[in-house]
Structure formats: structure tokens, C-alpha cells
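In: Quick one, fold the following:
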Amino acid sequence: MALEWLVINAGLSLPEGFLAYLPSLDYLHDVQASASSLSAYISPAVKASLFILGVVASLINASVIPSSLGGPGNAVLEVQAHRGGLGHRTENSLWAFAHAMEMGVSILEMDTVFTKDGVPVVWHDHDISPEKCRGDFVGAYIANLTLAEVKSLSCDGQLAEHPQAKIYQDARIPTLEEVLDLIECYDNKMVTINLETKLDPLAPNETLPVEKYIDDIVPLLERRGFASRTTIQSFDWRTLIGIKKKFPKTVIVALVELETLMSINGEYPWLGGLNLADFNDNWIAAAASIGAEIVSPGHGFPWTDTIHTPGYEPFVNEDMVKRAHEYNMRIIPWTADDEATIAKLIDDGVDGIMSNYPQRVMWVGREKNRYVPRVGTKHRPHCLVNA
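Out: Model prediction:
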């Protein structure tokens, strides 16, 4: 990140021969094509100093610099590829995550649910939908299937809402470890993960128990060296509370939508035992109380609409962003796909945007001087032979 930022903002040139000595930074090979020489007035001596500083930062492992480049209100917009960017490629597939890295996204957003034999797979739904998959177990819950049974499915359905997405025949549901393998194979030390735990406090029989999520996810990430590069998000705050208590260094993200903020018989089942009445109905304060560093609300109602849709009601606004920042939390709404809504959210001051079309967020963010372009990783087909 440091070297890339300096190249872009100081108008530096990277000699191809030099890059040969930085094999871990091959994603920068095409940087000259993307960088804008924004500072013609910087002297050659200053440019040389910045260049050396960038090289040093890279050599001491620039991956330790967070993709967010700071805390709440930071000028650099985080771009999250929702389910890998399902508007571009088959959702939550290795193909999608590879393409997102090739685009240069900041964060790979994905979901995880456990199989019957206790393996976390990357899949959004509790069950296998006929709209998305083909095979003998369509309609079954992941929690009732072994990994072998899940792997027998071909999940290459073309979603009606995203007809332009490129679909890969016989795409398989990946395990969480296979996604980590892909990131390592792409040698992408910059991208981070936003991992959602998929379970429902109102439908406990559809997934493995909440304890499985609390106990098993972070140790897997620690073993693979991804714990510091992963945030854990959930609508079901039981997982966030449990994970934060057991693994306090984990960054947790409080997901919310209108349904999860509504009481049922005086209780809030999605909020892990919290009662919004204790917080004067301030859900941001409630999220802060459980140690959430990020809040992630739907951008409006219904979230599938745009700001120009008749009847659309915005949820995220400048006041909400200000309140989140007052609690020293970042705010990253989901899931904005059209340029008008994306632009409105950026104007509200959000810290990032989750989108099925991350390229649109990049484009609008760049127009508004909120996005620092990243050059994506080159395509590596050998990393996708089992996709």
C-alpha cells in the first residue's frame, strides 16, 4: 500500500527491472498504466526520497499497513466486493474472489456456514437454492450435509437480478481454507477479508450451534495467518459478543437491518441479549457496548432499491455517520450497486461501501477524490484449477 500510494500520488515511475527484485509485489507491474501523475511540481529530489521510503516500507512488509489507512472519517474509501462481487462473477466462488483481487478491491466480503462434519464453507444461504445450484442435495441445509456432499453440487446458476455476471460452469462451493489458499496463491498481501457468520437466532435448527462459530473460526484464521487481516461481521450479535470475549483482538462488525432492530415480545433476539431500551433506542451505542469497531447498516429501505426509486427511504445519512464516528467506529453500509446511491453515501461521509459491483464504487470514489486506485493482481489461472 505504501509504495503504491507513493507511486500514484507523487507521479513516480517504476522501472520494470526493479520490480523483478520484488516478487511479492507483482501486483504493481502495471501500475504505470493506472497511476495519474498528480504532482508535477514535486522536485526530483523529493520524489526520489518518497520512492526510497516506499521501497523500504514494502521491504519491511507493507501488508501491515491497514487497507483503511486509519480510523473513522478517513479520506480513503474502503471498497468491499460483496460475496466477491456477484454482479461480476458467480457469488462466493473462487472465480469471484480471484476477479475481485484482479480488480484491486480493498476487501473481500464473504459468508461462512458450517457443514455437518464441521467444515466452514463460503456460502451465503443456510440451504442450497435451486436458483443457484444443481445436484442431488438441492433444498437441503448445509448443516445437514457433509463436505463431500456439498462439493458434489454445481453452483453455477445465473441470478435473475444480475444477468451480466459471468458464470463458470460447475463452480463448486469453496471451503474457507480454499479461499485463503487462493489469496496465498495470488500472493496478495494487501487484500483483507470481511467474514460474515451465517446463522439465525430465530431458526436455530438451520445451522450448527452458535458455539461452533465462536470457537472454531478465529483459531482457523490464526493458524493460517489471516486473523489480523479478517474482520468478523454478523447480524446475529451473539457471535460477535462471544468472539470478542474469547478473542479480544478480533475486529468485529455489527451488521444491522430494520428487521434485526425490531423487538419481539419485548426482546431483541438478533442483538445477543441487549435491549435497545437500555440505550435509548440508539443501536450505534449498543454496537459500541459490545466492542464493535465497525457498524454496517443497510443503506436504505428496501436496500435493493436506489435513491431514485419511488418510495425508497434512506437509512444511512450524515447524522448516522457522525454518530458512528463519535463512538470512534467506522461505518460501511451495504449493499449499494448504482452510482447515484454510491455517490450519496460517499457524500454522507461513509468509510467504505459494500457492493456487488465494486468497480462502480471505485469509479465514483475516484471522481469524488475518496478512492486511491489500486492495481490488481495479475490473473493466475493455475490458482483456479479446483474452482
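In: tell me the helices in the stretch 101-250 of the chain, going along the chain?
Out: 147-151, 176-185, 210-224, 237-246 (DSSP state H, counting those that start in this stretch).
In: pretty sure T260 is touching L271, no?
Out: Yes - judged on CB atoms under 8 Å, T260 makes contact with L271 at a distance of 7.3 Å. The C-beta positions use only the backbone N, C-alpha and C, and glycine is treated the same way.
In: who's more crowded, these two?
Out: Higher neighbour count among T260 and L271: L271, with 26 against 20, using other CB atoms under 10 Å.
In: The more buried one and W237, how far apart?
Out: 5 Å (CB to CB, to the nearest Å).
In: joint contacts of the two?
Out: Common contacts of L271 and W237 (CB atoms under 8 Å, 6 or more residues apart in numbering): none found.
In: Now do the contacts for the closest residue to H308 other than its chain neighbours.
Out: In space, and not counting its chain neighbours, H308 is closest to A340: 5.9 Å by CB to CB, 6 or more residues apart in numbering. Shown in contact with A340 (CB under 8 Å, 6+ apart): 306-308.
In: which one of the residues you listed sits closest to N275?
Out: Comparing the contacts of A340 against N275 with CB to CB picks out I307 as the nearest, at 32.4 Å.
In: Please work out how many residues are found near the closest one.
Out: That count, for I307 with other CB under 10 Å as the rule, works out to 17.
In: same thing with R224?
Out: 16.
In: Now it. Nearest residue, chain neighbours left out?
Out: L180 (5.0 Å).
In: Could you tell me how many residues sit around the one you found?
Out: For L180, using other CB under 10 Å, the count is 20.
In: I'd assumed W95 was in contact with A171.
Out: Yes - in this structure, A171 is within contact of W95 by CB under 8 Å, at 6.3 Å.
In: Overlap of the contact sets of those two?
Out: If you check A171 and W95 against CB under 8 Å, 6+ apart, the residues they both contact are A387.
In: Report the residue spans of the stretch 51-200 of the chain with pLDDT below the cut-off.
Out: 51-71, 73-74 (pLDDT under 70).
In: Name all residues that make contact with T146.
Out: So T146 contacts 115-117 (CB under 8 Å, 6+ apart).
In: Pull out the buried members of these.
Out: Among the contacts of T146, those scoring as buried are 115-116 (criterion: 16 or more other CB atoms under 10 Å).
In: Throw the contacts of T146 into TSV and include distance to R134, thanks.
Out: Output for the contacts of T146, formatted as TSV (distance: CB to CB, whole Å):
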residue	distance to R134
T115	18
K116	20
D117	22
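In: Which stretches in the stretch 251-387 of the chain count as strands?
Out: For the stretch 251-387 of the chain, applying DSSP state E, counting those that start in this stretch gives strands covering 251-256, 294-297, 300-301, 313-314, 330-331, 352-355.
In: if you compare these, which one is most tucked away?
Out: Mean neighbours per residue, mean count of other CB atoms under 10 Å, is largest over those for strand 352-355, with a mean of 28.
In: And for W270, the neighbour number?
Out: 22.
In: Spatially nearest residue to it, not counting backbone neighbours?
Out: T260 (3.7 Å).
In: what do you get for Q359?
Out: M103 (6.0 Å).
In: got it, and Y357?
Out: Y357 sits nearest to G87 (CB to CB, 6+ apart), 4.3 Å away.
In: The one you found belongs to a strand?
Out: No - with DSSP: H, G, I helix; E, B strand; the rest coil as the criterion, G87 is located in coil rather than a strand.
In: ok so, going back, test my guess that the residue nearest to R224 contacts F226.
Out: Yes - contact between L180 and F226 holds when scored by CB under 8 Å: they sit 5.7 Å apart.
In: how far away is the residue nearest the centre of the chain from I353?
Out: The centroid of the chain falls nearest to E109 when counting by CA atoms, centre = their mean (2.7 Å). Distance, E109 to I353, using CB to CB: 11 Å.
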